[in-house]
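Trainee: I need the structure of the sequence given here:
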Amino acid sequence: MNQRVVPEPSAWRMSVAPMMDWTDRHCRTFHRLLSRRTRLYTEMVTTGALLHGDVPRHLDFGETEHPVALQLGGSEPADLAHAAKLGAQWGYDEINLNCGCPSERVQRGSFGACLMAEPKLVADGVKAMVDAVDVPVTVKHRIGIDKVESYDFVRDFVGTVAEAGCGVFMVHARNAWLKGLSPKENREVPPLRYDLVHRLKQEFPHLVIGINGGIATDAVVQEQLRVLDGVMVGREAYHHPWWLARWDELFYGEPPSGLTREEVEERMVAYMEREHARRGTPWHSIARHMMGLYNGLPGARKWRQVWSDHRVKGETPREVMKRARQAFVTGVPGVTPACGG
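Mentor: Just a heads-up that it's a prediction; the model follows:
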C-alpha cells in the first residue's frame, strides 16, 4: 500500500473549515491572531483557476498564517497534480481535496461531493498529487450522498482513497443531497451522524480522522477529541471568533495569546493600513471578517454597526475604530451621513 507518512495526528487537532467567500487570507490573518496552533484552510480554489487564472491572486498568503492548507476543487488527476505542485511551491503546509461541496455549480464542474460516487477517480487524483508534492495530501468529504445512509458507502470510499496515499480525512458528518437542497440547507437538513465518523476511526485506526459539522461548544469538541484525531469548526468559528482565543489553552495545553479583543482589533487595523499601502485593498473588505469579535458582549451590535456602515468607507480604519469603540461604550454609533446624503 502506498501509504504516505503524515505528521502526528495533533497537527489536525483543531482547524477552521474552508468556507467559500469567507476564509480568504484576510480572514485567516484575523484567525491567526486568535490562535497560534489552529490549522487554517483556504477557500476552495479550482484547478481551472490555477491553470488559466491569476495564480498569485489565488495563492498568496502571509507567513503568519502557518499552518495553512490549500483546498483544491477538481477531478482531473493531471490538473490536480499541477495545482498541488503550485500550492506546495507557494509554501502551503497541506493540499486538501474537496469531496464535500454539494452546490450545483460545483457539481457542473464534476467535483465536490459528487466525487464520492467515484472513489477510484478520487484515488487517481490523490495518487497524482501525492506523487507530485512532499506535503500531506488530505481529503474533506461527507458521510454519503443523497439519501443513502449506508456506512459501507463511506467506508469503501475512505478505504479506496487511503490506498492511493491519503492518510488524513476530514469528515463532514452529514450526507450531501445533490438535488433539492441549497448549500445552506445541506448544512442543516441532512441529519448529523457522528457515530459513522467514529466507526471510520475504529476501522481505520492508522488514519487521521477528523470531524466537521454542527460543532459549537467546548464540551462537544472535548467529546469528539476523546474518539477522533481532530475537530474542524466552520461557521461557529467565523461568527463567534473569540472562541478561537481559548483553543490553544483548552485543546493544546498551551498558554493563551494574552491579546485582548481591543488589541486584536488594533492589529487588524494596522493590517488594513499595510494592505491598503501595499495593494490598495479597501479596508472594509478586510473588516467584514471581524464583525463577530465582540459578539456576546453588551455594545457589540453598535460596534458592528459602525464598522459595517457604508457611510464611513471614506474614512481611515483607525478613524472608524475610534467611532466603533465610542459606540461600544456609549451605545451611540455617532455616524453622520456623508455630504449630499
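Trainee: Excluding covalently adjacent residues, which one is nearest to Ile211?
Mentor: Val197 (4.8 Å; CB to CB, 6 or more residues apart in numbering). For the C-beta atoms, the positions are set from N, CA and C on the backbone; glycine is no exception.
Trainee: what do you get for Trp303?
Mentor: When the adjacent residues along the chain are set aside, Trp303 lies closest to Phe328, with 4.1 Å between them (CB to CB, 6+ apart).
Trainee: Give me the pLDDT for the one you found.
Mentor: Phe328 carries a pLDDT value of 95.
Trainee: Correct me if wrong: it contacts Leu293.
Mentor: No - counting by CB atoms under 8 Å, Phe328 sits too far from Leu293 to count as a contact (10.4 Å).
Trainee: Can you give me the buried ones in the lengthiest helix in the chain?
Mentor: Looking across the chain with DSSP state H, the single longest helix is helix 261-279. Buried residues in helix 261-279, counted by 16 or more other CB atoms under 10 Å: 261, 264-265, 268-269, 271-272, 275.
Trainee: quick revisit: next up, the contacts around the residue nearest to Ile211.
Mentor: 143, 171, 173, 209, 211, 228 (CB atoms under 8 Å, 6 or more residues apart in numbering).
Trainee: Please confirm that the second one is located within a strand.
Mentor: Yes - assignment of Val171 by DSSP: H, G, I helix; E, B strand; the rest coil places it within a strand.
Trainee: Give the next helix or strand downstream of the host helix or strand of the residue nearest to Ile211.
Mentor: Following DSSP states H and E, one finds Val197 within helix 194-203. Sequence-wise, the next helix or strand downstream of helix 194-203 (DSSP H and E) is strand 208-212.
Trainee: From the buried residues of helix 261-279, pick the one nearest Arg155.
Mentor: Val264 (42.2 Å; CB to CB).
Trainee: I'd say that closest one and Leu34 touch.
Mentor: Yes - counting by CB under 8 Å, Val264 does reach Leu34; the two are 6.7 Å apart.
Trainee: Mutual contacts of those two, please.
Mentor: Shared contacts of Val264 and Leu34, counting by CB under 8 Å, 6+ apart, come down to Ala245.
Trainee: Please, where are all the helices along the stretch 101-250 of the chain?
Mentor: Along the stretch 101-250 of the chain, the segments classed as helices by DSSP state H, counting those that start in this stretch run 104-108, 119-132, 151-163, 183-186, 194-203, 218-225, 235-239, 247-252.
Trainee: and those helices as TSV, adding mean pLDDT?
Mentor: Output for those, formatted as TSV (pLDDT from 0 to 100):
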stretch	mean pLDDT
helix 104-108	66
helix 119-132	98
helix 151-163	98
helix 183-186	80
helix 194-203	98
helix 218-225	97
helix 235-239	97
helix 247-252	95
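Trainee: And those: which comes nearest Gly314?
Mentor: The nearest among those, by CB to CB, is helix 235-239 at 27.2 Å.
Trainee: Give me the distance from that closest one to the chain's centre.
Mentor: Using CA atoms, centre = their mean, to the nearest Å, the distance from the centre of helix 235-239 to the centre of the chain it belongs to is 10 Å.
Trainee: quick one: least confident helix or strand in this protein?
Mentor: helix 104-108 (a mean of 66; mean pLDDT, DSSP states H and E).
Trainee: burial measure for Ala49, as a count.
Mentor: Neighbours of Ala49 under the rule other CB atoms under 10 Å: 18.
Trainee: Which residue lies closest in space to it, excluding its sequence neighbours?
Mentor: Using CB to CB, 6+ apart, the nearest residue to Ala49 is His58, at 5.4 Å.
Trainee: helix or strand for that neighbour, which one?
Mentor: Going by DSSP H and E, His58 is in helix 55-59.
Trainee: now that helix: mean pLDDT?
Mentor: 96.
Trainee: The helix holding Val197 vs helix 218-225, what angle?
Mentor: Put simply, helix 194-203 runs at 30 degrees to helix 218-225, going by axes from the mean of the first three to the mean of the last three CA atoms, to 10 degrees.
Trainee: any idea how far helix 194-203 is from the chain center?
Mentor: The answer for helix 194-203 is 22 Å, by CA atoms, centre = their mean.
Trainee: For it, which residues meet the burial criterion?
Mentor: Buried residues in helix 194-203, counted by 16+ other CB under 10 Å: 194, 196-201.
Trainee: With stretch 204-212 instead?
Mentor: Neighbour-count burial for stretch 204-212, with 16+ other CB under 10 Å as criterion, is recorded at 204, 207-212.
Trainee: and which of the residues you listed is nearest to Val233?
Mentor: Asn212 (7.5 Å).
Trainee: So what pairs up with the closest one in the strands?
Mentor: Listed by DSSP bridges, the beta-bridge partners for Asn212 are His172, Met232.
Trainee: That one and Glu76, how far apart?
Mentor: Using CB to CB, to the nearest Å, Asn212 is found at 26 Å from Glu76.
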